[in-house]
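Participant: attaching a predicted model along with its sequence, questions to come.
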Amino acid sequence: MLFMGKLAVIALGGNALLRDNQVGTIEEQEKNTTETLENIIFLLKEGYNLVITHGNGPQVGNILMRNDAGEQLYNIAQMPLDICVADSQGGIGYMIERMLHNTLRKYRINRKVVTLVTEVIVDPEDPAFMNPEKRIGKIYKKPEADRLAARKGWIFKKELKSEGGWRRVVPSPVPIKVLNAGIVEELACRGHIVIAAGGGGVPVYYDNEGMVRTVEAVIDKDLASSRLATTIGANEFYILTDVPYVYINYKKPDQEVKEFLDRDDCLYYLEKGMFGSGSMAPKIKAAVHFVENGGMKSVITEAKKLEDMKYGTKITLHYENH
């Protein structure tokens, strides 16, 4: 049975699952997740088919710290980064799936939910591998960071938020293709809610013999979500974050709300550096990629504001589409 409603991809940011001022207990994450899911129910009531993606920054960071502690204290072999990302996909996906089952039951909506551990193809020659910038894991003192760099070949950079701290950095290559996107599309178009591409997906590539190989890297969640959305022919793409709108010159005296943007606006502001490079800029790039490749509109807004359409920045290809 096919559901002929619009298809939307909803990318849940880290704030939708875990707030900055929280410890990170499962009770906190389940509560935050449920509050976020309450705000997507209106799309289901309007007949939308949904694919949900999510971030994994705090969670995969905790997994990496458990890796470190297990090795140092109990000589437990560390798992590589791709396994840690897959681990976070399974755990977070399960949590979203369970909270969504309960939310659907509350509103008497009959939809099935499924979580897919997702691999994403990247180019092993991507320039990002020559300049790792994505910070992961715990913050170390310089002597410990130097020892790990010598022993494991890890690369460290000074942590901006912690004076005297150093943190491991890994490449963040551009997502090229989401494996099993066809299965995601098929399930979603049958009315099932699919949770996929968690944490940007597990980055992999094909070697010369066509074998799937892994790389020590992470993929931007919003760029991977946009790639998935265009591949499956989604009509709309929602990025849920911790602000109700996109701003230019955020938190500066000349800060300005932008409720409507088109492709040219976005490219202009990106070129002028008016979006944070590690925060809003990737979201804008993901939104632009979506509308450039057939999507009707992208919306960037706060998780709790999604249902109230007076909030949120709407991004389309041209202004006449607003």
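Facilitator: In hand now; what should we look at?

Participant: can you give me the helices for this structure?
Facilitator: Using DSSP state H, the helices of the chain run over 14-17, 26-38, 41-45, 57-74, 81-106, 142-152, 181-189, 221-231, 263-271, 280-292.

Participant: between these, which gets nearest to residue 311?
Facilitator: Comparing the helices of the chain against residue 311 with CB to CB, the closest turns out to be helix 41-45 (13.3 Å). C-beta here means a position set from N, CA and C on the backbone, and glycine is covered the same way.

Participant: hang on, the earlier thing: same list (the helices of the chain) but as CSV, adding distance to residue 313.
Facilitator: Output for these, formatted as CSV (distance: least, CB to CB, whole Å):
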stretch, distance to residue 313
helix 14-17, 16
helix 26-38, 18
helix 41-45, 18
helix 57-74, 22
helix 81-106, 24
helix 142-152, 38
helix 181-189, 25
helix 221-231, 14
helix 263-271, 10
helix 280-292, 8
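
Participant: winner for burial among the ones you listed?
Facilitator: helix 221-231 (a mean of 27; mean count of other CB atoms under 10 Å).

Participant: low-scoring stretches of the chain, by residue?
Facilitator: 1-4, 15, 320-322 (pLDDT under 70).

Participant: report the central residue of it.
Facilitator: residue 221 (2.7 Å; CA atoms, centre = their mean).

Participant: for that residue, give me its contacts.
Facilitator: Applying CB atoms under 8 Å, 6 or more residues apart in numbering, we find residue 221 in contact with 11, 13, 53-56, 197-200.

Participant: let's see 10 Å
Facilitator: Residue 221 sits next to 11-14, 53-57, 175, 197-201, 239, 282-283, 286 when contact means CB atoms under 10 Å, 6 or more residues apart in numbering.

Participant: for it, give its distance to residue 249.
Facilitator: 25 Å (CB to CB, to the nearest Å).

Participant: again, but for residue 84
Facilitator: Counting by CB to CB - residue 84 and residue 249 are separated by 36 Å.

Participant: isn't residue 84 up against residue 168?
Facilitator: No - the criterion here is CB atoms under 10 Å, and residue 84 misses it with residue 168 at 12.0 Å.

Participant: and residue 102, how close does it get to residue 248?
Facilitator: Per CB to CB, residue 102 is found 39 Å from residue 248.

Participant: report how many residues lie close to residue 49.
Facilitator: By other CB atoms under 10 Å, the residues close to residue 49 number 27.

Participant: hang on, isn't residue 6 packed against residue 238?
Facilitator: No - in this structure residue 6 lies outside contact range of residue 238 using CB under 10 Å: 11.7 Å.

Participant: between the two, which contacts overlap?
Facilitator: 43, 50.

Participant: those two: which is more packed in?
Facilitator: residue 238 (26 against 15).

Participant: dump the residue contacts of the more buried one.
Facilitator: 8-12, 39-40, 43, 50, 52, 225, 229, 287, 297-301, 303, 306, 312.

Participant: name whatever forms a beta bridge with it.
Facilitator: Note on residue 238: beta-bridge partners by DSSP bridges are residue 10, residue 299.

Participant: send me the longest strand along the chain as CSV with only the CA atoms.
Facilitator: In the chain, with assignment by DSSP state E, the single longest strand is strand 134-141. Backbone C-alpha positions of strand 134-141 (Å, rounded to 0.1, in the frame of the first residue of the first chain) are rendered in CSV as follows:
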residue,chain,number,x,y,z
LYS,A,134,36.1,18.0,13.1
ARG,A,135,36.7,17.8,16.8
ILE,A,136,35.6,14.5,18.5
GLY,A,137,36.0,12.8,21.9
LYS,A,138,37.3,14.1,25.1
ILE,A,139,39.6,17.1,25.9
TYR,A,140,43.2,16.2,26.9
LYS,A,141,46.1,18.0,28.4
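
Participant: so which elements touch that strand?
Facilitator: The contact analysis (3 or more CB pairs under 10 Å, 6 or more residues apart in numbering; DSSP states H and E) places strand 134-141 against helix 57-74, helix 81-106, helix 142-152, strand 155-158, strand 165-170.

Participant: I appreciate the help and will end here.
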